[in-house]
Every structure is written in C-alpha cells, then in structure tokens.
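**Q** The sequence isn't on hand, but the structure is:
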C-alpha cells in the first residue's frame, strides 16, 4: 500500500470521528445538566447549536469530498 492511500484512509476515519465529537458535544451541551454550573443556559444553547451545525457541515463536506474522489476515478 502506498503512503498516500494510508494517509487518505486515516484522514477519512479522523474526519468521521470529529463529526461524531462535534455533534456529541453539541448534544451534551443542549440536553444534559453537565455544564449547568459553569456556562449560562443561553450560552450553552448557542454553543450546542453551533457545534451541531458545524458537525453537520463537516459531514456534508466529507460526503462531497468522497463524491468528488469517486468522480475522479
């Protein structure tokens, strides 16, 4: 296997993992009392929504990149 193939595979797995981290942290901010004492309620909602939105954007970009790579082959 070439190093380029391994790097691309690692980056795809890492990207998918980061999507899960961003969405998971957003859900954690919105629906759990874990951050109640440290972050005000309004800020938690704004941060949670932003994290979920960014996770969705990363997911979309990952899909678009995969489609572009498939078209190039």
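**A** Structure's in. What do you need? Model, not experiment: these values are computed from the prediction.

**Q** Straight-line length of stretch 26-39, end to end?
**A** With Cα to Cα, to the nearest Å applied, stretch 26-39 spans 13 Å between its terminal residues.

**Q** Buried residues, that stretch. List them.
**A** 26, 29, 35 (16 or more other Cβ atoms under 10 Å). Every residue, glycine included, has its C-beta placed from N, CA and C.

**Q** Can you tell me how far the last one is from residue 48?
**A** As judged by Cβ to Cβ, to the nearest Å, residue 35 and residue 48 stand 9 Å apart.

**Q** what is in contact with these two at once?
**A** Common neighbours of residue 35 and residue 48 are listed as 28, 29 (criterion: Cβ atoms under 8 Å, 6 or more residues apart in numbering).

**Q** Contact partners for the residue most central in space within the chain?
**A** Centroid-nearest residue in the chain, with Cα atoms, centre = their mean: residue 19, separated by 2.0 Å. Taking Cβ under 8 Å, 6+ apart, we find residue 19 in contact with 55, 58, 59, 62.

**Q** Quick check: the second one touching residue 14?
**A** The reference is to residue 58. No. Residue 58 is beyond contact range of residue 14, at 11.0 Å (criterion: Cβ atoms under 8 Å).

**Q** who's more crowded, these two?
**A** More crowded of residue 58 and residue 14, by other Cβ atoms under 10 Å: residue 58, with 18 against 10.

**Q** Could you check how far that one is from residue 22?
**A** 6 Å.

**Q** and if you look at residue 41?
**A** 21 Å.

**Q** now swap in residue 14 and tell me
**A** 13 Å.

**Q** Just want to know which of residue 41 and residue 22 has more residues nearby.
**A** residue 22 (20 against 9).

**Q** Distance check, that one against residue 3.
**A** 28 Å.

**Q** How far away from the center of its chain is stretch 22-36?
**A** 14 Å (Cα atoms, centre = their mean, to the nearest Å).
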